[in-house]
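J.: Sequence first, then the predicted structure:
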Amino acid sequence: MVKLSRLTLLHVWLRLLLLQGSWNFERLQGGGWFYAMAPVLRVLYGEKEMQRIAREHVGYFNTHPYLAPTVVGAVIRMELERAAGKELEIGVSEFKEMVASPYAAVGDALFWGGLRPLAAGIALLLAAKGLVVAPVVFLLLFNALPLWFRIAGFISAYELGIQSVEFLQRRKLPDLAIRTKEATVVLFGGVAAFMVFQLLDGKQKPLWLGLLAVPAVLLCGYLARRGISTLMLVLLSSGLILICSLFSADVAVWLP
Amino acid sequence: MSIVLARIDNRLIHGQVLETWLPYVHANCLVVANESISVSPLKRMMMEASVPSRVRVEIGSIVEITELFASGILDDLRVLLLFATTEDSLTALQNGLKFERLNLGNLHAGQGKTQFSCTVFLDPEDVENLEKIDSAGVDVSARCIPADTARNWRKLIPGRRLRIDQR
Amino acid sequence: MISAELAIGAGVALVCGLDRIAALQIMVSRPIVAAPLVAWLLGDVAVGLEIGLMVELLWLARLPVGAAIPPDDTQVSIAGTVLAISLGNLLGQSGLEYQLLCLLIAIPFGKFGQFFDRFARQYNGRKVAQSDRLLETGHFYAMEQAHRMGLCCFALAALGTYFVIICGGLIMIPILAPILLPSLLESAEWLRLALPLVGIAVILGTINVSRALTLFGASFGMAFLLMWLV
């Protein structure tokens, strides 16, 4: 069996960073997939053969960018076997199609839905306190796990081939994503409380006013669910606050 | 309350469904009506593993799914029903599965397909199928994620109708 | 002077804009990173931190899943920060109320980001047929080049959005500043609080956590009471 040099693998991994560079509505990440696979195909096949094989590598493909290396790693292993003349138990196109959506589902839930708001919440607390390290903390907190998935996923999938899909079954990633989201909601409660307290304390206003923030947030959340866009909510709430501030002198009389 | 959303999406279970639609319609059961997934244990496993454990998943062929709904087991659940193609959803409808609305999510490009919106590509056969579904009284509209506005599928068609007929 | 600062902003807009979809995805495109970054380059980190804080949560719930295009919060925060610092120096304005004015004008223009982004993706789509022809003739290097060209489309989309927001701001802020600044002065602190709260509300409204409201309410109450009593 042909062995791929580490340099080729590194080349593929680096190219995967540009996976979505030609993202489009017809093939989604299809162009980027070929771009990433090209160095391997070139090593394994001659001109004529590559043309035949490449057709399987230009089609419709879309998954989560952080989990794409895991798919690519497994497919490289499959191509190695095919180049060595072994019969594949499952075709490359079929394998791509099979894993793309589940990986995308898991990645979206874990990284976009779970980890990103959590990291943002922590960074926001620091930013509200005026600490300049907030962006750095966000980048470190968020990027550790994706980077691990990108590197370790690529390497282990390259070693395991098709068997690499088992990680999805063994690790309960969707449930982990739900846990992360629950933690995020709790954290956001803290962030909101901190910012409200900071404002009221700074302005020497009565603190019980802060409890009104909860119904305000619930109302906004309800409106958002009813299909009011964020832009609309921003304009509405800032308009409301501007109007209130015009009458603030009158309202102040009513406050204890 | 049974079917809260019926959707055509050739990627079936993926991020848009799990992260946006599932919480939006408060569904607690995902039903996938697809022949090729239901016969392959590996594909089944992959699909099931990508869903949180508190959401029930049922995967089967169109006939199996129709029977499942008829048996009444799903009556107490809020079901999100997924098809891969317009043909599957038409078959299900003809087999007696009832849904009032049909959501067009992703119908990806392919041979002979024309683009009607960012994510909806149809060929003349698809248009015919949708026509039949529409005339059965189902409200068919394209909406990728809840944050988009729903557009009735006929609104997508007019300007390009000619090009389809010519093919 | 201001043109040099706008150019620095454009550089950051380019890098962070590519990070959104096309390349890397190490999340330097998030407002909480992008705004302080450009503000640091322009010499006033604190402004960027404030703007990042206010924008970060607004569209965090709009996930970049599949073909869904979220509004361009990256360019809103970058252009908003550049306007707040550079135009502020020019107009002799500073302070939270002026930053808020820049931001509130930048946010609606962010809508253009979606158009530009969609346009870039559609333009890339037209290249697919060409790429297929290259495959048939065996020009693999040209196919790879075609993929790299896609990056240029996304780069142009990012810059386009940035400049639309900047132009809109340059025209509207000098006009609106005398009218709105006095009342913004009163309410600036409240608005600084309101924007993140709206973001949190939108996230709570769309997150798939059962009993999200209970969890949020309990944790808010707990944290608030603790700070009150201590």
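T.: The structure has been received and is ready for your questions.

J.: ok, and the closest non-adjacent residue to residue 40?
T.: Went with chain A since none was named. Using Cβ to Cβ, 6 or more residues apart in numbering or on different chains and skipping the chain neighbours, the partner closest in space to A:V40 is A:I76 (5.4 Å). C-beta coordinates here come from the backbone N, C-alpha and C atoms, glycine included.

J.: try again with chain B
T.: A:M98 (7.9 Å).

J.: what's the distance between the residue of the stretch 101-250 of chain A at minimum distance from chain B and chain C?
T.: Nearest residue of the stretch 101-250 of chain A to chain B: A:D108, at 3.0 Å (Cβ to the nearest Cβ). Look at A:D108 and chain C: by Cβ to the nearest Cβ, to the nearest Å, they are 5 Å apart.

J.: That residue: neighbouring residues, count only.
T.: The number of residues packed near A:D108 is 28, by other Cβ atoms under 10 Å in any protein chain shown.

J.: Quick one: residues contacting the residue nearest to B:S40.
T.: For A:M98, the contact set (Cβ atoms under 8 Å, 6 or more residues apart in numbering or on different chains) comprises A:90, B:40, B:42-43, B:46.

J.: Now do the phi/psi pair for the residue located most distally from the centre of chain C.
T.: No residue in chain C sits farther from the centre than C:T137, which is 41.9 Å out by Cα atoms, centre = their mean. In terms of degrees, to the nearest 10, the main-chain angles of C:T137 are phi -90, psi 0.

J.: Buried residues in the helix or strand in which the residue nearest to B:S40 is found, which are they?
T.: Counting by DSSP states H and E, the element that carries A:M98 is helix A:92-107. Buried residues in helix A:92-107, counted by 16 or more other Cβ atoms under 10 Å in any protein chain shown: A:92, A:95-107.

J.: Report the secondary structure state of B:L30.
T.: Secondary structure, DSSP: H, G, I helix; E, B strand; the rest coil: B:L30 is strand.

J.: What residues does it make contact with?
T.: B:13, B:17, B:22, B:51, B:55-58, B:79-80, B:82.

J.: and if we set it to 7 Å?
T.: By Cβ atoms under 7 Å, 6 or more residues apart in numbering or on different chains, the contact list for B:L30 reads B:13, B:51, B:55, B:57, B:80, B:82.

J.: Look up the pLDDT of it for me, please.
T.: At B:L30, the model reports a pLDDT of 93.

J.: what separates it from chain A, distance-wise?
T.: From B:L30 to chain A the distance is 11 Å (Cβ to the nearest Cβ).

J.: likewise C:Q93?
T.: For C:Q93 relative to chain A (Cβ to the nearest Cβ), the value is 18 Å.

J.: What helix or strand is the residue lying closest to that residue once chain neighbours are set aside located in?
T.: Nearest non-adjacent residue to C:Q93, counting by Cβ to Cβ, 6+ apart: C:A177, 6.6 Å away. Using DSSP H and E, C:A177 maps to helix C:140-206.

J.: Could you identify the helix or strand that succeeds that helix?
T.: Next along from helix C:140-206, by DSSP H and E: helix C:212-229.

J.: Pull out the buried residues from stretch C:125-137.
T.: So stretch C:125-137, judged by 16+ other Cβ under 10 Å, has buried residues C:125, C:127-128, C:131, C:134-135.

J.: I misspoke; the intended subject was stretch C:4-18.
T.: In stretch C:4-18, counting by 16+ other Cβ under 10 Å, buried: C:5-6, C:9-10, C:12-18.

J.: Could you identify the longest helix within the chain?
T.: I'll assume chain A. helix A:173-203 (DSSP state H).

J.: That was the other one, I meant chain B.
T.: Secondary structure of chain B per DSSP H: the longest helix is helix B:124-135.

J.: and it, what other elements does it pack with?
T.: Contacts defined by 3 or more Cβ pairs under 7 Å, 6 or more residues apart in numbering or on different chains; DSSP states H and E place helix B:124-135 against helix B:86-94, strand B:139-142.

J.: so which of the ones you listed gets nearest chain A?
T.: strand B:139-142 (13.3 Å).

J.: Could you list the paired strands of that closest one along with their orientation?
T.: strand B:101-104 (parallel), strand B:151-152 (antiparallel) (DSSP bridges).

J.: For B:S53, give me its contacts.
T.: A:D175.

J.: Look up how far A:L176 lies from it.
T.: 11 Å (Cβ to Cβ, to the nearest Å).

J.: Could you do B:R7 as well?
T.: Taking Cβ to Cβ, one finds B:R7 at 26 Å from A:L176.

J.: Also A:V40?
T.: 32 Å.

J.: do C:I179 as well
T.: When C:I179 is compared with A:L176 (using Cβ to Cβ), they lie 51 Å apart.

J.: between the two, who's got more neighbours?
T.: A:L176 (16 against 10).

J.: Chain B contacts on the stretch 1-150 of chain A?
T.: A:25-26, A:60, A:98-99, A:101-102, A:104-106, A:108-109, A:113 (Cβ under 7 Å from any Cβ of the partner chain).

J.: Just the element for the residue lying closest to C:I166 once chain neighbours are set aside, please.
T.: Spatial nearest neighbour of C:I166, excluding adjacent residues (Cβ to Cβ, 6+ apart): C:A79 at 5.2 Å. Under the criterion of DSSP H and E, C:A79 resides in helix C:73-82.

J.: So which bits of the following helix or strand past that helix are buried?
T.: Next along the chain after helix C:73-82, taking DSSP H and E as the criterion, comes helix C:88-91. Along helix C:88-91, these residues count as buried under the neighbour rule (16+ other Cβ under 10 Å): C:88-89.

J.: Now do helix C:88-91, average pLDDT.
T.: Mean pLDDT, computed over helix C:88-91, is 90.

J.: which residues are contacting it?
T.: So helix C:88-91 is contacted by C:2, C:94, C:98, C:174, C:177 (Cβ under 7 Å, 6+ apart).

J.: Would you list the buried entries among those residues?
T.: C:98, C:177.

J.: Near C:Q93, how many other residues are there?
T.: If we define neighbours as other Cβ under 10 Å, then C:Q93 has 18 of them.

J.: and what of A:E89?
T.: 11.

J.: got the contact list for the nearest residue to it once chain neighbours are set aside?
T.: Among residues not flanking A:E89 along the chain, A:I162 sits closest, at 6.8 Å (Cβ to Cβ, 6+ apart). The contact partners of A:I162, taken as Cβ under 7 Å, 6+ apart, are A:74, A:78, A:89-90, A:95.

J.: I'd like to know which of those are part of helices.
T.: A:74, A:78, A:95.

J.: pLDDT value on the last one, please?
T.: Same thing as A:F95. Per the predicted model, pLDDT is 92 at A:F95.

J.: swap in the second one?
T.: On pLDDT, A:M78 comes in at 93.

J.: Just the terminal-to-terminal distance for stretch B:29-46.
T.: Terminal residues of stretch B:29-46 are spaced 17 Å apart (Cα to Cα, to the nearest Å).
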